[in-house]
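Student: fold the stuff below for me.
(3 chains)
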Amino acid sequence: MGLPKTHRLRRGRDFQQVYAQGLKRRGRYLILRAWFSATDNPTLVGISIGKKVSKKAVVRNRIKRQIRGAIRQYLPNLKPGWKIAIVVKSEAQTCEYEHFLRELKQLLIQAEVWHGH
RNA sequence: AGAGUUGGCGAGGUGGUUGCAGAUUGUGGCGCACAGCGCGACCCAAUCUGAGGAAAGUCUGGACUCCCGAAAGACCAAACUUGCUGGGUAACGCCCAGUGUGGGUGACCGCGAGGAGAGUGCCACAGAAACAUACCGCCGAUGGCUAGAAUCAAAUAUUUUGGCACAGGUAAGGGUGCAAAGGUGCGGUAAGAGCGCACCAGCAGUAUCGAGAGGUACUGGCUUGGUAAACCCCGGUUGGGAGCAAGGUCGGAGGGGCUAUGGUUGGUCUUUUUCCAGCCCCGCUUUUUGGAGUACCGCUAGAGGUGUUUGGUAACAAACAUCCCAGAUAGAUAACCGCCCUCUAGAAUUUCUAGAGAACAGAAUCCAGCUUAUGUCCAACUCUUUCU
RNA sequence: ACGCAUUUAGAGCAACUUGGUAGCUCGUUUGAUUUAGCAUCAAAAGGUUACAGGUUCAAAUCCUGUAAUGUGUA
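Tutor: This is a model prediction of the structure:
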């Protein structure tokens, strides 16, 4: 359930811009940072997960894949032109796929990135 | 049956749907430019490929790249946990085979295993003393002092008996300690001591076996605490440093148009000039898009994998055949389903039903090792008990 | 990728160089003092020196391996 390259947030500069100027929504397992670039470019999504979540690369990669799969499922519902960074909290270690799905939807609606139709 | 020891295979297989990354292909789309050929970094489709035995820790050895230095070679210095022997390897501190030694009833396992007969240091407490000595003790044969007896006419002479423990002898015994000068026994002596003998242990020499480390036998004299994972000595090895975040490319690039000249290829031509066509370069202009970032190279064909044969006890090597097998860069492997296989449980008696396929764990320049983490299965061997 | 450092009582630290009975401060517990508490005084408990192996007569210390934690360069 990967994410196409065109929808990935890749540069450190973009991440810093999102952190500095974007709005912030807090969930139980995730923190959502989003910034509207005022263009029609595809919405970019990046995931940040620190070593404090887990020291094992396998665990971190699995969480990343699960979040990325959830984002891909919601991709048609997102408004264009946003830059989104998702920060994983250490509680997410024991989390299931459905939890990510539910929480992501909630956060996206809160941040008004969600496209209602 | 129980308890162990060692070694090995493999990390379920296969098909489908959706999805991600790379490569290749496309009278495909889209964009640019067009008479046409075309170009593209975007999209789509098809095909192929897509994590490990440890990818990990980063403990070693290399390949590769750059910087500094030197250019054969010798000596000195420095560094190195380099240190039994022989072999393997590109190399190693790794591997294999052996020797010695320690452990285990055994299968088997561990070992940095040169030198303390060059020097220095240290060996707390205890003890006289920790490497050179003598506290208690034993002796006091010999010498000394002293008392008596005998010989003699007599003696201070000679002989002899005793005492002292003064010189001296001794290292058996006691005590201390991890460790006290080879051990045990007999002889020997004033008392003792390898002083002598026997056995054991150690050392040296000779012979012999072995490629060697070493093994065995004989002979000899009779002796030398431990520590070098303390400094050190000896032998051995080595240009030094940094590391793919090494190092390199790009200060515009791609496409189109125009102008003049030059180069080159082809055609016309016997040849040259001329002419025509294509490509490249310089300049101008137009359009698209990026702009110091993993954008591109390095970047994955390698001391490569698999199989067979041969050589070798083995590690391993050689020959032949065959295959191409991840290349991401905020970093690609996931989700679901069917069948087969294996295991477990239940029903039941060879079928059905249910569950599980777990664990450790994710490539980031690449190899060779080591170490650590971890689940299943198989084989060989050992010991104990019971039965035949 | 290449390094560096640390690990000792509940907490913070000594002792390691030069091996020889593991200490200090705070905290804890008990007692004294006080009507009571704090403070003070006296005493006590609390350690597999991160783990495993080795050298040594003897290891927190020396050597090797492992683990955990922190940290530097770009």
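
Student: and the longest helix for chain A?
Tutor: helix A:57-74 (DSSP state H).

Student: which of the residues in that one are buried?
Tutor: Buried positions in helix A:57-74, judged by neighbour count with 16 or more other Cβ atoms under 10 Å: A:60, A:63-64, A:66-68, A:70-71, A:74. All C-beta spots, glycine's among them, are computed from the backbone N, C-alpha and C.

Student: among those, which are in reach of RNA strand B?
Tutor: The overlap between the buried residues of helix A:57-74 and the neighbours of RNA strand B (Cβ under 7 Å from any atom of the strand) comes to A:64, A:68.

Student: can you lay out the buried residues of helix A:57-74 as a markdown table showing distance to A:Ala92?
Tutor: Formatted as a markdown table, those follow (distance: Cβ to Cβ, whole Å):
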| residue | distance to A:Ala92 |
| --- | --- |
| A:Arg60 | 10 |
| A:Ile63 | 6 |
| A:Lys64 | 10 |
| A:Gln66 | 9 |
| A:Ile67 | 9 |
| A:Arg68 | 14 |
| A:Ala70 | 12 |
| A:Ile71 | 15 |
| A:Tyr74 | 18 |
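
Student: gap between A:Ile67 and A:Gly27?
Tutor: 12 Å (Cβ to Cβ, to the nearest Å).

Student: just give the closest residue to the spatially most central residue of chain A, not the sequence neighbours.
Tutor: By Cα atoms, centre = their mean, chain A has its centre lying nearest to A:Ile86, at 3.5 Å. Among residues not flanking A:Ile86 along the chain, A:Ile47 sits closest, at 5.0 Å (Cβ to Cβ, 6 or more residues apart in numbering).
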